[in-house]
Structure formats: C-alpha cells, structure tokens
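**Q** Pasted the sequence and its predicted model underneath.
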Amino acid sequence: MGILVRLGFRHSVPFILAYLALAGASMLLAVAPSNVTPLYPAAGLAWGVAILWGRRTYPSIFVAATLANTLPLLFSQPSFAAVLAGIAIGVGEVIAVLISCKLLSAVRGRERVFKQVQDVIAFSVIALFWVVSPTIGVSALALAGLVESGAFSRVWLTWWLGDSIGILLLTPLVLIVNITHWRNLLNNDGYKLVVGIVGAATASLAVYASGLPLLYLLTGICFMAAYRLSLFGVIVVNLVIATITSSAYMWQVGPGAHFAAPIQLGLIQLFLAFNMVISLVFWCTQSRNRELSVKWSRAETQARLDPLTKIYNRRGFEERAIQLMRQKRTLSLLILDIDHFKYVNDHYGHDIGDEVLRQFSKKIAGMIRDSDVFARIGGEEFAVILADQNLELAGLMAERIRATIESTELPVSSDNTIKYTVSIGVSSVSEGVDIHRWLKTTDKLLYQAKAQGRNQVAAGCVVPIDVAPTPSRKVN
Ligand SMILES: Nc1nc2c(ncn2[C@@H]2O[C@H](COP(=O)(O)OP(=O)(O)OP(=O)(O)O)[C@@H](O)[C@H]2O)c(=O)[nH]1
C-alpha cells in the first residue's frame with residue numbers, strides 16, 4: 001500500500017478499501033451467474049476518481065480491481081488460472097477507465113460536471129459504451145475455464161449492464177462530492193433531502209413488498225427529486241432506490257420476480273439506468289431554469305437599486321410608490337436634499353462625499369419603518385414615502401430627520417469631522433394625483449425650504465390641481 005500512496009494519488013488507500021467494500025457488497029447480488037453482479041458501483045467509483053485525479057489513479061485502480069476479482073475467485077476455485085484471470089480483469093478495468101476518460105475529455109472537457117443536458121448525454125453514452133472491461137473480463141474467465149462457452153454472451157451482457165449502471169449511479173456522486181459545499185447543502189436541502197430519502201425508501205419497500213407492478217411510482221420519485229433537490233440529493237435518492245431494487249432481486253421478490261432470472265435482471269438494470277439518466281437530464285434542465293430565473297430576478301432587483309447606497313433608485317421608488325398609491329392608503333412624501341453638498345465634494349473629495357451619502361441613507365433607513373419606501377432619486381436628493389401618515393405626522397417626522405442630521409458629526413479623519421444639514425419638502429397625497437406630479441410639487445416645497453435659508457422643512461398638501469395654498473411650515 002505504501003508504494004501506492006507514493007506512486008498513486010492522495011486518496012489511494014481509502015479508494016482501494018472503498019472499491020473492495022463496494023465490489024464485495026455488490027457480489028452479494030450475483031444470483032445468476034454467481035461471479036457476475038447486476039450492479040457494480042465499484043466501476044463508477046474507479047471512473048470518478050480517474051476523472052478527478054487523472055492517470056495517477058491507474059495503479060490504485062489496477063490493484064483494487066485485481067484484488068476485488070482475484071480474492072473471490074481464489075476462495076471459490078483456487079488456481080493459478082484464477083489469479084491470471086483476476087489480473088486480466090484488473091488490466092481490463094484500467095483500460096476501460098483510460099478510454100472513457102479520453103472520450104469524456106474529448107467530448108466535454110474534464111472540468112464540466114453535469115452543467116448542461118449535453119454533459120449528461122455525453123456521460124451516459126460513454127457509460128453505456130463501457131464494453132472493454134466486460135470483454136476482457138469475461139474472455140479471461142472463459143480462458144481460465146470459469147465461464148462456460150455457452151454462457152459467454154449472457155455473462156458479458158450482465159457484466160456490461162452491471163458496470164454501466166454502477167457508473168451511472170456512482171460516478172456523478174464521486175464527481176460532485178468533491179465540489180459539494182456541505183454546509184450549504186444541509187442549510188438549503190436538509191429537510192427536503194431527508195424527505196426524499198425516506199420517500200424513496202418507503203415507496204421502494206412498498207412496491208417490492210407488495211409485488212404490485214408500481215415501478216412507475218419510483219420513477220415519479222426520481223422526477224420529484226430532480227425537481228426539488230440538489231444534484232447530490234438526486235443521486236442519493238437514486239442510490240436508495242437502486243439498493244432496495246437490487247436487494248429485491250437478490251431475495252427474488254417484487255413485480256419482476258415471476259420472470260426468468262436473466263429477463264428479470266435485464267429489466268431491473270434497464271429500469272435503474274432509465275431512472276438515473278432521466279433524473280440527471282431533468283435535474284440539468286431544472287437547474288438551468290433555476291439559475292436563469294435567479295439571475296433574472298437578481299438583475300431585476302439590481303435595476304431598481306442605487307449601487308452606492310443600496311436603497312431604491314428612482315425607478316424602484318416610482319414602482320413602489322404606484323403600488324402604495326393603488327392601495328388607497330394615506331401617504332406622505334418627503335423629499336430630502338443635502339445642503340451645500342457641492343461644498344462637501346469640493347472641500348473633502350468625492351470619496352468623502354460618497355461616504356456622506358451612504359451614512360445619510362443609513363441614518364434615514366434606521367428612522368423609518370419597513371413599510372415605508374426610501375430611495376435616492378438624484379445625486380444628493382432622497383425621497384421617503386411614509387405609509388399611513390398624514391401631513392402633520394409626516395411634518396413631525398421630517399423635523400426629527402432634519403434635527404438628527406443637523407446634530408450628526410461624520411468623522412473624516414482622526415481629528416476632523418463633517419457636519420451638514422438637510423432641507424426637506426413634505427406633502428401628503430390625495431387621490432387622483434399621479435406620481436410625477438406628486439414628486440414635482442413636493443420638489444417645489446423643497447426648493448421653498450432651500451430658498452428660505454436651508455436646514456428646514458416646508459410642508460403642503462398635494463391636491464389634484466396643485467399644492468394647497470396652506471401650510472408651509474418653516475422650522476428654524
Ligand atoms: N460624491 C458624490 N457627489 C455627487 C454624487 N451625485 C451628485 N453629486 C454631487 O452633488 C453636488 C450637488 O450640487 P448642487 O446641485 O450644486 O447642490 P448643493 O451644493 O447641495 O447645493 P444646494 O442643494 O442648493 O444646497 C454636485 O457637486 C454633484 O457632483 C455622488 O454620487 N457622489
């Protein structure tokens with residue numbers, strides 16, 4: 001083993017142990033013929049590690065495959081021919097892995113892991129063309145006199161499908177285990193994964209225990225998994241179904257039990273292959289759709305946000321304002337403009353100006369409610385819609401904001417702080433006013449506050465015609 005660790009890859013020893021465990025467990029399923037199993041996930045493990053770690057894995061694959069095949073042969077029919085057959089099988093496995101790796105990287109490139117439907121199709125086709133290993137393996141067994149010549153094609157078929165399905169089931173798991181973020185997986189997928197596993201196990205047990213021809217139930221569960229779960233979840237659900245299906249074959253129970261063994265075997269193998277390929281394809285389409293819709297909704301959100309302050313921009317503001325206005329609630333609008341902001345920029349620099357804008361919006365956001373709408377609608381101009389607040393309450397709020405900003409000091413260096421003020425126009429709305437006119441009239445109130453000396457609040461009521469002649473409140 002030591003030399004393998006040096007010659008091979010960093011996970012040589014765990015890989016060989018896992019290979020032997022998988023091969024040993026799958027040999028329990030070898031009902032007819034006794035040395036060929038209908039499901040050989042060890043081949044999937046070998047191809048997976050070879051895709052991930054390249055040709056450094058070949059010595060370990062050779063040792064694992066040779067041991068996995070020689071040891072049972074030596075127990076059942078100890079002979080020199082059995083040892084040679086075991087070694088030939090090990091060589092066949094390495095050649096099969098090598099060819100498949102070359103084919104996959106020629107078609108898709110090594111770094112791609114089921115990103116698109118084409119990846120799944122390329123992978124499945126290569127898995128189904130896994131013919132070298134069974135051909136060399138069965139020929140070696142036949143030459144060693146361990147397979148009767150009349151049984152060659154039947155044994156070859158079982159071996160080939162067993163390897164192909166083992167690959168379909170296990171290689172994707174090996175490929176994604178390496179890139180799975182377990183914490184994210186458990187956070188996002190946790191309970192759904194448990195539901196998927198329990199659902200797959202319960203339905204499989206029900207189908208095989210009852211003997212009713214309800215296999216399509218299991219295919220349905222694979223579809224559900226592909227729709228709801230991460231790729232890891234899809235593979236695990238398929239593995240659960242495959243384990244129970246294979247055990248049912250071993251115990252000769254379930255819907256296919258009345259068929260002759262080779263037919264039952266073929267049906268089970270096709271059923272498992274179909275489930276796995278179809279759920280991988282469906283998962284890819286789903287995840288692509290999900291990816292696109294996440295990107296789309298992120299872009300939609302971004303288009304409504306101001307990049308500097310992360311609050312709504314004018315577009316986002318107008319949309320939210322229109323939604324609120326449709327609800328026919330009492331609404332008030334504050335338009336806030338930082339006084340002499342040009343001076344801040346000219347005196348302290350644009351970066352400090354930006355920081356003032358960020359701090360200002362943070363401060364206001366902390367003073368209003370979640371149901372209010374807050375936006376940066378121009379360079380140093382902000383707007384707030386206060387929901388369910390009449391002109392009087394809005395005026396009080398505007399005054400609180402003005403006083404808070406006036407008393408705020410923003411440190412710009414170890415011995416220097418900035419003090420600045422804000423002027424605010426306030427209006428409440430009555431039905432029938434359109435958002436642009438509402439903004440425009442409130443802007444007039446803001447400029448009234450500016451004209452009257454800045455650092456103050458000017459309030460008025462917006463009616464369908466124009467600003468009501470009333471209250472223009474001067475604070476200060
Ligand atoms: N730092 C920074 N400055 C900005 C940004 N957007 C606009 N400004 C600046 O804001 C300043 C606005 O200046 P003015 O319109 O003259 O207004 P003011 O100096 O605040 O004067 P009053 O509003 O009349 O009190 C200009 O210097 C713009 O360059 C921004 O995103 N970052």
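**A** Received it, and whenever you're ready, just let me know what you need. Numbering: from 1, shown residues only.
**Q** quick one, strands of the stretch 251-400 of the chain?
**A** For the stretch 251-400 of the chain, the strands defined by DSSP state E, counting those that start in this stretch occupy 331-338, 373-376, 381-387.
**Q** So for Gly379, what's the pLDDT?
**A** Note for Gly379: predicted pLDDT of 94.
**Q** cool, Leu280 as well?
**A** Confidence at Leu280, expressed as pLDDT, is 90.
**Q** which residues does the closest residue to it other than its chain neighbours contact?
**A** Spatial nearest neighbour of Leu280, excluding adjacent residues (Cβ to Cβ, 6 or more residues apart in numbering): Val120 at 4.4 Å. All C-beta spots, glycine's among them, are computed from the backbone N, C-alpha and C. By Cβ atoms under 8 Å, 6 or more residues apart in numbering, the residues touching Val120 are 114, 277, 280-281, 284.
**Q** Distance of Val120 relative to the ligand?
**A** 47 Å (Cβ to the nearest ligand atom, to the nearest Å).
**Q** Most neighbours out of the contacts of Val120, which is it?
**A** The most crowded member of these, judged by other Cβ atoms under 10 Å, is Leu280 (24 neighbours).
**Q** Please work out which residue of the stretch 51-200 of the chain is closest to the ligand.
**A** Asn184 (35.3 Å; Cβ to the nearest ligand atom).
**Q** Let me know the helix or strand that that residue is in.
**A** helix 182-210 (DSSP states H and E).
**Q** Residues touching stretch 401-413, excluding its own?
**A** The contact list for stretch 401-413 (Cβ under 8 Å, 6+ apart) reads 334, 336, 348, 352, 355-356, 359-360, 363-364, 367, 417-424, 455-457, 475.
**Q** Just the mean pLDDT for it, thanks.
**A** On average, the pLDDT along stretch 401-413 is 91.
**Q** Start and end of that stretch, how far apart?
**A** Taking Cα to Cα, to the nearest Å, stretch 401-413 runs 25 Å from one end to the other.
**Q** buried set for it?
**A** Neighbour-count burial for stretch 401-413 flags 401-402, 405, 408, 410, 412 (criterion: 16 or more other Cβ atoms under 10 Å).
**Q** do stretch 309-318 as well
**A** 309, 311-314, 316-318.
**Q** Put together a markdown table for these, with distance to Gly211 on each row.
**A** Formatted as a markdown table, these follow (distance: Cβ to Cβ, whole Å):
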| residue | distance to Gly211 |
| --- | --- |
| Thr309 | 66 |
| Ile311 | 63 |
| Tyr312 | 62 |
| Asn313 | 64 |
| Arg314 | 67 |
| Gly316 | 60 |
| Phe317 | 65 |
| Glu318 | 65 |
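**Q** and the ligand, which of the contacts of stretch 401-413 reach it?
**A** Taking Cβ under 6 Å from any ligand atom as the test, the ligand is in contact with none of the contacts of stretch 401-413.
**Q** buried subset of those residues?
**A** 334, 336, 348, 352, 355-356, 359-360, 364, 418, 420-424, 455-457, 475.
**Q** returning to that earlier point: what comes up buried for the helix holding Asn184?
**A** Buried residues in helix 182-210 (16+ other Cβ under 10 Å): 185, 189, 193, 196-197, 199-201, 203-204, 207-208.
**Q** and after it, which helix or strand comes next?
**A** helix 215-228.
**Q** so what secondary structure elements neighbour that following helix?
**A** Contacts defined by 3 or more Cβ pairs under 8 Å, 6 or more residues apart in numbering; DSSP states H and E place helix 215-228 against helix 182-210, helix 231-250, helix 261-302.
**Q** Leu84 is nearest to which of the ones you listed?
**A** helix 261-302 (27.8 Å; Cβ to Cβ).
**Q** Which members of the contacts of stretch 401-413 are positioned in helices?
**A** 348, 352, 355-356, 359-360, 363-364, 367 (DSSP state H).
**Q** so can I have a markdown table of these showing pLDDT?
**A** Compiled in a markdown table, the ones in helices among the contacts of stretch 401-413 are given as follows (pLDDT from 0 to 100):
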| residue | pLDDT |
| --- | --- |
| Tyr348 | 90 |
| Ile352 | 92 |
| Glu355 | 94 |
| Val356 | 95 |
| Gln359 | 94 |
| Phe360 | 96 |
| Lys363 | 95 |
| Ile364 | 96 |
| Met367 | 96 |
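**Q** Identify the farthest-apart pair in these.
**A** Tyr348 and Met367 (24.5 Å).
**Q** give me the subset of the buried residues of stretch 401-413 touching the ligand.
**A** Counting by Cβ under 6 Å from any ligand atom, no member of these is near the ligand.
**Q** What about the closest residue to the ligand within the stretch 151-300 of the chain, how many residues nearby?
**A** Taking Cβ to the nearest ligand atom, the ligand has its nearest neighbour within the stretch 151-300 of the chain at Ala299, 21.7 Å off. Ala299 has 9 neighbouring residues, counting by other Cβ under 10 Å.
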